[in-house]
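Colleague: Give me the fold of what follows.
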Amino acid sequence: MAHSGVVPPPFGIYVHVPFCAARCGYCDFNTYTASELDGSGASPDGWLAAVRRELEVAAATVGERAVDTVFVGGGTPSLIGAQRLGEVLGAVRDTFGLAPGAEVTTESNPESTSPEFFAGLVDAGFTRVSLGMQSAAPHVLRVLDRRHTPGRAVEAAKEARAAGLGHVNLDLIYATPGETDDDLRASLDAVLDAGVDHVSAYALIVEDGTALARRVARGELPAPDDDVAATRYELIDDRLSTAGLGWYEVSNWASTTDAQCRHNLGYWLDGDWWGLGPGAHSHLAGSRWWNVKHPARYATAVAEGSAEAGREELTESERHTERVMLRLRLRSGLPLDLLDAPGAAAAARAESDGLLDLDGGVAVLTRRGRLLADGVVHALLAAAPV
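Modeller: A predicted model of the protein is given here:
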């Protein structure tokens, strides 16, 4: 809660929807199919009731504080329908209230959307939708175990804009085994044809424990190649920049400042947020905690008073590390006054290596630096421990 005279940082609400129709081979998120939940007692309606109860806990803990951004992620939020999503947003309004001009986003799978779904989102007060496209190439979608047809994501994006959603994002995954440069070019052409104002693009990561990891381990698929991923990133950046979508975070491009995802900027700029739902993470003033993961256990825990599974208090050193790591990924850059003398010297070396631009007291990654962002961060932190 803010003290008198102190302007609090932006406050966001994240809502985790744990339901999916099927599990994608590359996904290690906290999601569950109907068969995996069979017999557990977990259901969308039970989840919604538990989220309402957790919101009451959140409001009692945080106090009076209007919500600047809401982001419903998953999982597949569109699977629970526009009505339930609207009820979630209504519960946020009833407990905290929305700040004027609040950004309200939901992720959606193109296959579980329709013009009626998007109209329902607009009526409920959503302002933004993020659609999982991944690729326009059928064979790439098969490797990723994505169920939607290549053209559906573009069609859904057009439907969302026609319904009146102010901002529409498409997600891409690149450097999937079997993807070619031409496949990626076709995906980018499709994205631009959709007329979206935001694009997120992530290099495929093979996460331990996923079906994709098992296929790679068996030799059925080659592991993603870092050099290929770097080439593809440059291709993406060139194509989107030429089309008027500029990068504002290493993996995100937007047509205007207004089109940038304010909720994610809250994460990157050390904001506060409360995560609702199974497995969701929260952060308030240097305290971080996370909920129990399984939807049935989550509902039981909330009914008993708290779904918290663990908590940590960040030290100043840990907060410094996160500020350097996250702010350097942004086009707005890392203020050099966050670095001590050794860190500033490391930044100067990175500039001479063509990895950073240092101007106006701010360090900004060059495109070469974006390709090596983690290494640049490591160099600055190794040189400048707190």
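Colleague: Can you mark which positions in the longest helix that the chain contains are buried?
Modeller: The residue-count maximum for a helix in the chain (DSSP state H) belongs to helix 44-62. Of the residues in helix 44-62, those buried under the neighbour-count criterion (16 or more other Cβ atoms under 10 Å) are 46-48, 50-55, 57-59, 62. Just so you know, the C-beta spots here come from the backbone N, C-alpha and C atoms, and that holds for glycine as well.
Colleague: So what's the residue count around Leu371?
Modeller: Residues lying near Leu371 (other Cβ atoms under 10 Å) number 20.
Colleague: hang on, it packs against Thr231?
Modeller: No: checked against Cβ atoms under 8 Å, the pair Leu371 and Thr231 is beyond contact range at 9.6 Å.
Colleague: Using the three-state scheme, assign the closest residue to Ala66 other than its chain neighbours.
Modeller: Sequence neighbours aside, Ala99 is the residue nearest to Ala66 in space, at 4.1 Å (criterion: Cβ to Cβ, 6 or more residues apart in numbering). The assignment at Ala99 comes out as strand when based on DSSP: H, G, I helix; E, B strand; the rest coil.
Colleague: do the same with Gly132
Modeller: Using three-state DSSP, the secondary structure recorded for Gly132 is strand.
Colleague: okay, it: pLDDT?
Modeller: At Gly132, the model reports a pLDDT of 95.
Colleague: I'd assumed Ser112 was in contact with it.
Modeller: No: taking contacts as Cβ under 8 Å, Gly132 lies outside contact range of Ser112: 10.4 Å.
Colleague: Those two: which is more packed in?
Modeller: In this view Gly132 and Ser112 are compared by other Cβ under 10 Å, and Gly132 has more residues nearby, 24 against 18.
Colleague: Spatially nearest residue to His16, not counting backbone neighbours?
Modeller: Leaving out its chain neighbours, His16 is closest to Gly277 (Cβ to Cβ, 6+ apart), at 3.3 Å.
Colleague: Run through the bridge partners of Asp272.
Modeller: Phe11 (DSSP bridges).
Colleague: burial measure for it, as a count.
Modeller: 20.
Colleague: before we move on, what about Ser287?
Modeller: A total of 12 residues lie near Ser287 under the criterion other Cβ under 10 Å.
Colleague: Could you do the one 5 residues further on as well?
Modeller: Residues lying near Val292 (other Cβ under 10 Å) number 20.
Colleague: contacting residues around it?
Modeller: Residues counted as contacts of Val292 (Cβ atoms under 8 Å, 6 or more residues apart in numbering) are 278-279, 298, 301, 307-309.
Colleague: 6 Å instead?
Modeller: Under the criterion of Cβ atoms under 6 Å, 6 or more residues apart in numbering, the contact list for Val292 reads 298, 301, 307, 309.
Colleague: ok, for it, nearest residue in space, not its chain neighbours?
Modeller: Spatial nearest neighbour of Val292, excluding adjacent residues (Cβ to Cβ, 6+ apart): Ala309 at 4.4 Å.
Colleague: And Lys293, by the same measure?
Modeller: Of all residues not flanking Lys293 in the chain, Gly279 sits nearest, at 4.2 Å (Cβ to Cβ, 6+ apart).
Colleague: repeat for Leu328
Modeller: Excluding its sequence neighbours, the residue lying closest to Leu328 (Cβ to Cβ, 6+ apart) is Leu334, at 4.4 Å.
Colleague: try Glu179
Modeller: Leaving aside its sequence neighbours, Glu179 sits nearest to Val140 (Cβ to Cβ, 6+ apart; 5.0 Å).
Colleague: quick one: furthest residue from the center of this structure?
Modeller: Distance from the C-alpha centroid of the chain, by Cα atoms, centre = their mean, peaks at Ala341 (33.5 Å).
Colleague: coming back round to it: tell me if I am right that the residue nearest to Lys293 is in a helix.
Modeller: No: the assignment for Gly279 is coil, going by three-state DSSP, so no helix is present there.
Colleague: who touches the residue nearest to Leu328 in this structure?
Modeller: With Cβ under 6 Å, 6+ apart as the criterion, the residues that contact Leu334 are 327-328, 363.
Colleague: who touches stretch 18-29?
Modeller: Residues outside stretch 18-29 that contact it (Cβ under 6 Å, 6+ apart) are 30-33, 75-76, 79, 144-145, 147, 207, 210-212, 278, 295.
Colleague: what about 8 Å?
Modeller: Surrounding stretch 18-29, the residues in contact under the criterion Cβ under 8 Å, 6+ apart are 30-34, 37, 44, 47, 74-76, 79-80, 109, 111-112, 143-147, 173, 204-212, 215, 277-279, 295.
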